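Asker: Here is my input, please return the structure:
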Amino acid sequence: MKQYDKVIGKQFGIINGEKNIVFIKTGRGGTIEGFKNKYLNICDFLFKKYGYTFVVSANPKDSVCDLEEEIKSVDKYVGDYKEIYFVGISNGASIGAAQCSKIEKIKNAVLINAPLMINFHKIKEGVQKFRGNNMYFLYGEDDPSCRYIEILDSIKNTACKYKIIKGEGHDFSTESLISELNYFFDGLKAENKGNRKNQVILEGEENE
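Answerer: Below you'll find the predicted structure:
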């Protein structure tokens with residue numbers, strides 16, 4: 001299995017690719033490897049298919065994340081890139097919802113099981129300021145926040161969309177994460193080529 005090309009302390013793991021960066025912010029307490037190398041396995045699989053640069057950012061329990069500063073910290077290690085695709089897990093998804101709007105190169109984000117019962121006002125404010133193309137909220141059907149998912153309809157931004165994933169809870173399986181990110185990246189590639197007919201559309205895009 002591929003290892004990270006570069007590890008910066010215990011905070012960042014980097015697989016160097018080209019064109020774009022996929023920046024993954026883990027859940028609270030998450031490491032750059034993840035449980036049973038979950039994040040490393042996901043990055044390895046997707047790197048082989050897409051060739052992007054992958055950056056995984058740990059999320060220590062007592063830390064306060066400044067996403068803009070984190071991206072500046074890894075800039076010198078990743079070379080030139082066109083765009084950042086943000087992927088956030090749980091608390092990492094909440095961070096992305098609140099802060100992606102501050103970072104111009106983030107045009108598309110996938111936010112997985114962001115808790116809706118905690119500081120929703122920060123999520124709402126951040127998403128309403130987002131001027132990118134897509135901000136997808138994904139929830140496992142057994143995740144505690146899934147019962148409140150319709151509160152996302154109160155966010156006035158057509159980039160905001162959501163989807164419920166059957167058979168998943170708060171801790172998405174590696175297989176489901178890879179599957180959903182495949183759909184996401186393939187959709188963006190089709191969109192960038194102007195191939196609307198073949199663009200992958202996530203189900204449940206209630207906020208269109």
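Asker: All the helices of this structure, in order from the start?
Answerer: Counting by DSSP state H, the chain has these helices, from start to end: 38-50, 67-78, 91-99, 120-129, 174-192.
Asker: Averaged pLDDT, the longest one. What do you get?
Answerer: Taken as a whole, helix 174-192 has an average pLDDT of 88.
Asker: in it, what's buried?
Answerer: Neighbour-count burial for helix 174-192, counted by 16 or more other Cβ atoms under 10 Å, picks out 174, 176-178, 180-181, 183-185, 187-188, 190-191. In short, each C-beta sits where N, CA and C put it, glycine included.
Asker: Please apply the same query to the first one.
Answerer: With burial defined by 16+ other Cβ under 10 Å, the residues of helix 38-50 counted as buried are 38, 39, 40, 41, 42, 43, 44, 45, 46, 47, 50.
Asker: Need the residues you listed in a markdown table (columns: distance to residue 122).
Answerer: Shown next, in a markdown table, are these (distance: Cβ to Cβ, whole Å):
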| residue | distance to residue 122 |
| --- | --- |
| 38 | 27 |
| 39 | 25 |
| 40 | 30 |
| 41 | 31 |
| 42 | 27 |
| 43 | 28 |
| 44 | 33 |
| 45 | 32 |
| 46 | 29 |
| 47 | 32 |
| 50 | 31 |
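Asker: Out of these, which comes closest to residue 23?
Answerer: Of all those, residue 23 sits closest to residue 43, with 11.0 Å by Cβ to Cβ.
Asker: OK, contacts around residue 54?
Answerer: If you count contacts by Cβ atoms under 8 Å, 6 or more residues apart in numbering, residue 54 has them with 14, 15, 17, 21, 22, 24, 43, 46, 47.
Asker: returning to that earlier point: out of the buried residues of helix 38-50, what pair is the most spread apart?
Answerer: The distance between the two most remote of these (Cβ to Cβ) is 18.4 Å, for 38 and 50.
Asker: Scan the helices and strands of the chain for the one with the lowest mean pLDDT.
Answerer: Least confident helix or strand, the chain: helix 174-192 with a mean of 88, by mean pLDDT, DSSP states H and E.
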